[in-house]
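S.K.: Give me a model of this one.
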Amino acid sequence: MRRTAAQPVPVSAGRTPERGDRLWTVEETSAWLRVPVATLYQWRTRHLGPRAYRVGRHLRYDPVDVRAWLDQQAS
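M.R.: You can find the predicted model right below:
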């Protein structure tokens, strides 16, 4: 089946996403980090959490940025 622009590229759990892969929603980022959605919004207003992008009225997270932020928290 051929993929069209309307179909997102899935991020499989077994591989590390690269730039150009689809961005995560707030809910996906929340699930991956295992923190409440409200925590992500609080971190954003306090400039504490992973970098987020505003796409229209929605927030999106680059999985590479989320992983880099998480690695930085451990050091």
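S.K.: Confirm R60 sits in a strand?
M.R.: Yes. Assessed by DSSP: H, G, I helix; E, B strand; the rest coil, R60 belongs to a strand.
S.K.: so who does it touch?
M.R.: L23, W24, T25, A52, Y53, R54 (C-beta atoms under 8 Å, 6 or more residues apart in numbering). For the C-beta atoms, the positions are set from N, CA and C on the backbone; glycine is no exception.
S.K.: Please report the distance of the residue nearest to the fifth one when sequence neighbours are not counted from A74.
M.R.: By that I understand Y53. Nearest non-adjacent residue to Y53, counting by C-beta to C-beta, 6 or more residues apart in numbering: R60, 4.9 Å away. To A74, R60 is 24 Å away according to C-beta to C-beta, to the nearest Å.
S.K.: what pLDDT does D21 get?
M.R.: Reported pLDDT at D21 in the predicted model: 72.
S.K.: what's around it, how many residues?
M.R.: Using other C-beta atoms under 10 Å, D21 has 16 other residues around it.
S.K.: Equivalent analysis for A68, please.
M.R.: 13.
S.K.: cool, and G49?
M.R.: Neighbours around G49, by other C-beta under 10 Å: 21.
S.K.: give me every residue that touches the most centrally placed residue in the chain.
M.R.: Closest residue to the average C-alpha location of the chain: Y61 at 3.0 Å, with C-alpha atoms, centre = their mean. By C-beta under 8 Å, 6+ apart, Y61 lies in contact with L23, W24, T25, V26, E28, T29, P50, R51, A52, Y53.
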